[in-house]
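Undergrad: Structure for this input, please:
(2 chains)
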Protein chains: 2
Amino acid sequence: MNPENLRVNGKRLQQTLEDMAKIGATPAGGVQRLTLTDEDKAARDLFVQWLKELNLEITIDEMGNIFGKRAGKNNALTPVLSGSHIDSQPKGGRFDGTLGVMTVLEVLRTLDENDIRTERPLVIVDWTNEEGSRFAPAMVSSGVWAGALDRDWAYDRTDINGIRFEDELIRIGYKGAAPAKKWPLHTYYELHIEQGPMLEREHKIIGAPKGILCLHWYDVYLEGEANQVGPTPMEGRHDALCAAAEMILKVNALPERMGGNMVATVGEIQNYPNSRNIIPDKVHFTVDIRSWDDDLAINAWNLLRKDFESLAQARGCPIRIEETWRVEHSPFDKNLVQRVLDNADMLGYPSLYMISGAGHDASYMNQIAPAAMIFVPSIGGRSHVEVENTEWKDCEAGANVLLHSMLQSADEK
Amino acid sequence: MNPENLRVNGKRLQQTLEDMAKIGATPAGGVQRLTLTDEDKAARDLFVQWLKELNLEITIDEMGNIFGKRAGKNNALTPVLSGSHIDSQPKGGRFDGTLGVMTVLEVLRTLDENDIRTERPLVIVDWTNEEGSRFAPAMVSSGVWAGALDRDWAYDRTDINGIRFEDELIRIGYKGAAPAKKWPLHTYYELHIEQGPMLEREHKIIGAPKGILCLHWYDVYLEGEANQVGPTPMEGRHDALCAAAEMILKVNALPERMGGNMVATVGEIQNYPNSRNIIPDKVHFTVDIRSWDDDLAINAWNLLRKDFESLAQARGCPIRIEETWRVEHSPFDKNLVQRVLDNADMLGYPSLYMISGAGHDASYMNQIAPAAMIFVPSIGGRSHVEVENTEWKDCEAGANVLLHSMLQSADEK
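TA: Now for the predicted structure:
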């Protein structure tokens, strides 16, 4: 068979995804499979069973990352790694993460039933705790594996009930013996739902992100003066919530002010004492700025910070700002991105050269090896919600692009 | 002695207030004496002991309201009632409420030691649960007593732990046998801290509010669309928090827009899912509007509501508005208010004819009898906080105005 005619089995991929979606299924059609819970364990057990059926060499490392290695013709060559995560957000969707693991499984099954042996070994991976919604931060285990985060620090992360990451890892039986330490990679691919509306808007099936946006996180703390609302005239009030409202709108207007190429969001706010008849005296809110252009993001933040300071002064509300997290933009390997686009063309899928607004395990892999991602459309751009959805035919299309991209990388000398 | 020369004992009043402030004292100088807690019981026990020392006729009604009656020369005449409450906010101040009970106690002690017997009986009262911070709503027991609220409905109010009002009343031993049902009153006075900055700003010692502002409470619910912030372009977002921010600023600007004579506040906001990397899809916030002019407040609300609807539409965020509570403005008895001003003059205390922005037990008394209030300054306008404070000399001044106002009312035919 001409290798270009090879295709995955879309029906089997759908069945695999449907079987996995039963674990932690929510009434509204999503899944709740928080990392290191019993649901995560059940999903891991099923995944490991599937790896065993393929006779892969299974390794579980001390962060609970699960690897399955398919031998190549020349196992002295560095392998092609691909995967994502099977943990979910609370009331999350069936595709986020899981699709990026199950499509690799489908690729390996397809190779097996066609007796295709690649030059390089292929490795499938499920990264522990990509979501970070039970144990912050996100992408922690790919981060440890890549050497960007400290293992013991990760072990000590606690959930909302004070339960330690490591203790839960042991409890569900997935603290493995292998060191969570990178080994040489030839390439890394990650297929993922887009989590945004661009593919749908542009009527494309495959997205090839040129990289991941830079990410700035800030925490803003305002102080006002609490007083009974009735007897306190408007003049002379120090209302921390009004100051915050002005700042929230400045954040929202920032991308247009900077000429686009940026998103800026306030997602979280805490207000105190949060009583309807008391003027708010403490407000905390977050700012999330993302752009492809690191300098633009920094300039934007500098402008915003000045605005915040003037607004705070005008309201007589002292302000404290923490620069919580800053990650520079991360361009993927140009050749691999081009390969994704070429394979989409070859397979007849309309494609889009785009940007990833969200971080993924691929971010850390991109620091240590040539990496690229394959996006498939999210219906309505929705994700992290139970209604998150992707057409089965688009899942299949993504898996086919992944198949050919992995094959080409794996046969490189 | 010329009755005009009679004065309370400021030192004794201070001692009384200091003794009471020990019950539920907080480290930062305030008190925490939530209604029907052990601290409230201890404060009641001390209060009842003091009433016994004055040989008053003590009645505890089925709402736990404590009355102490001092016989007049003619007990067929309707009495003069005065008091306030000794429960507090969480981490509240030493003066809010308590001052209005202890000054009446000081008045009665002063009359006793001067062998003064008034024509009409005098009655001191401690109203149960004025604050409403443990069991909502506020002023519930004066409301039941005045016939404006239903007793059994009040009994069924629960605190944050689901504990019933009536059960706690029984537990602390203050569910009395007397019906919580109004009896004929000649007049009602209530002395209270101002809880605002006007007396301090105007360098006055006594405030005579002409009445209590109208009060409108609204609850606003907005719906947006939750999405990952990174991959979701600004265009096409439905960010419920941004819509709320615009509305909060409209509320804040409302008094100036309507030409003053109004306060308008957003004190409470809930944001969902309240995650820094998800666009908010649900926001609830409250609106509190108060004015002396009921029509102005209604017109203001009608304008605001239209603004809310346009802002919600512009952001694509469906809005639902509840009109939670509306109380018309409540003017006190003109003659009694004038009496307070005249007594302040006679005693040489600079006074201010003003408005009460906050509700008080006097609001319900004002529905059934001629009523007036006496305000003394709040340092920095602060209340419902541990640093709440009033000068001892101002407490004494207020008690002297109360003394003479009660005496004059009690000697009326």
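Undergrad: from here on, contacts and neighbour counts on C-alpha atoms
TA: OK.
Undergrad: For stretch A:43-59, which outside residues touch it?
TA: Residues outside stretch A:43-59 that contact it (CA atoms under 8 Å, 6 or more residues apart in numbering or on different chains) are A:20, A:23, A:66-71, A:86, A:105, A:108-109, A:112, A:176, A:178.
Undergrad: Give me the buried subset of the residues you listed.
TA: The neighbour-count test (16 or more other CA atoms under 10 Å in any protein chain shown) marks A:20, A:23, A:66-71, A:86, A:105, A:108-109, A:176 as buried among the contacts of stretch A:43-59.
Undergrad: Tell me which two in the contacts of stretch A:43-59 are the farthest apart.
TA: The span of the contacts of stretch A:43-59, defined through CA to CA, is set by A:23 and A:71 at 29.9 Å.
Undergrad: re earlier: show me which of the buried ones among the contacts of stretch A:43-59 is closest to residue B:155.
TA: Nearest to residue B:155 among these, with distances taken as CA to CA, is residue A:23, at 46.2 Å.
Undergrad: Can you tell me the centre-most residue of chain A?
TA: The residue lying closest to the centre of chain A (CA atoms, centre = their mean) is residue A:360, at 3.5 Å.
Undergrad: so how far is chain B from it?
TA: Separation of residue A:360 from chain B (CA to the nearest CA, to the nearest Å) stands at 11 Å.
Undergrad: Tell me which residues touch that residue, please.
TA: If you count contacts by CA under 8 Å, 6+ apart, residue A:360 has them with A:130, A:139.
Undergrad: is stretch A:273-284 anywhere near chain B?
TA: Yes. Using CA under 8 Å from any CA of the partner chain, stretch A:273-284 comes into contact with chain B via A:274-280.
Undergrad: For the lengthiest helix in chain A, enumerate the helices and strands it packs against.
TA: When chain A is scanned for its longest helix (criterion: DSSP state H), the result is helix A:294-315. If contacts are counted by 3 or more CA pairs under 8 Å, 6 or more residues apart in numbering or on different chains; DSSP states H and E, helix A:294-315 sits against strand A:214-223, helix A:240-257, strand A:282-291.
Undergrad: Export these as TSV, with columns for mean neighbour count.
TA: As requested, the helices and strands packed on helix A:294-315 are exported to TSV (neighbours: other CA atoms under 10 Å in any protein chain shown):
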stretch	mean neighbour count
strand A:214-223	21
helix A:240-257	22
strand A:282-291	24
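Undergrad: Dump stretch A:175-189 to PDB, restricted to CA.
TA: Output of stretch A:175-189 as PDB, limited to C-alpha atoms (Å, rounded to 0.1, in the frame of the first residue of the first chain):
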ATOM      1  CA  LYS A 175       3.200   6.800  41.600                       C
ATOM      2  CA  GLY A 176       5.600   4.900  39.400                       C
ATOM      3  CA  ALA A 177       9.200   4.000  39.900                       C
ATOM      4  CA  ALA A 178      10.700   5.700  36.800                       C
ATOM      5  CA  PRO A 179      12.200   9.100  37.300                       C
ATOM      6  CA  ALA A 180      10.100  12.000  35.900                       C
ATOM      7  CA  LYS A 181      13.000  13.200  33.800                       C
ATOM      8  CA  LYS A 182      13.200  13.900  30.100                       C
ATOM      9  CA  TRP A 183      14.900  11.600  27.700                       C
ATOM     10  CA  PRO A 184      16.000  12.600  24.200                       C
ATOM     11  CA  LEU A 185      13.100  13.100  21.800                       C
ATOM     12  CA  HIS A 186      13.100  13.400  18.000                       C
ATOM     13  CA  THR A 187       9.800  15.300  17.900                       C
ATOM     14  CA  TYR A 188       6.600  15.900  19.900                       C
ATOM     15  CA  TYR A 189       3.100  16.200  18.500                       C
END
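Undergrad: just to revisit the earlier point, what's the closest of the contacts of stretch A:43-59 to chain B?
TA: residue A:86 (18.0 Å; CA to the nearest CA).
Undergrad: Run through the residues that contact the closest one.
TA: Neighbours of residue A:86 in contact, by CA under 8 Å, 6+ apart: A:33, A:40, A:43-44, A:96-98, A:101, A:126-128.
Undergrad: Tell me which helix or strand it sits in.
TA: Secondary structure assignment for residue A:86, by DSSP states H and E: no helix or strand.
Undergrad: Give me the pLDDT for it.
TA: Note on residue A:86: pLDDT of 98.
Undergrad: Now do the phi/psi pair for it.
TA: Main-chain dihedrals, residue A:86, degrees, to the nearest 10: phi -110, psi 10.
Undergrad: First-to-last residue distance for stretch A:371-388?
TA: Terminal residues of stretch A:371-388 are spaced 26 Å apart (CA to CA, to the nearest Å).
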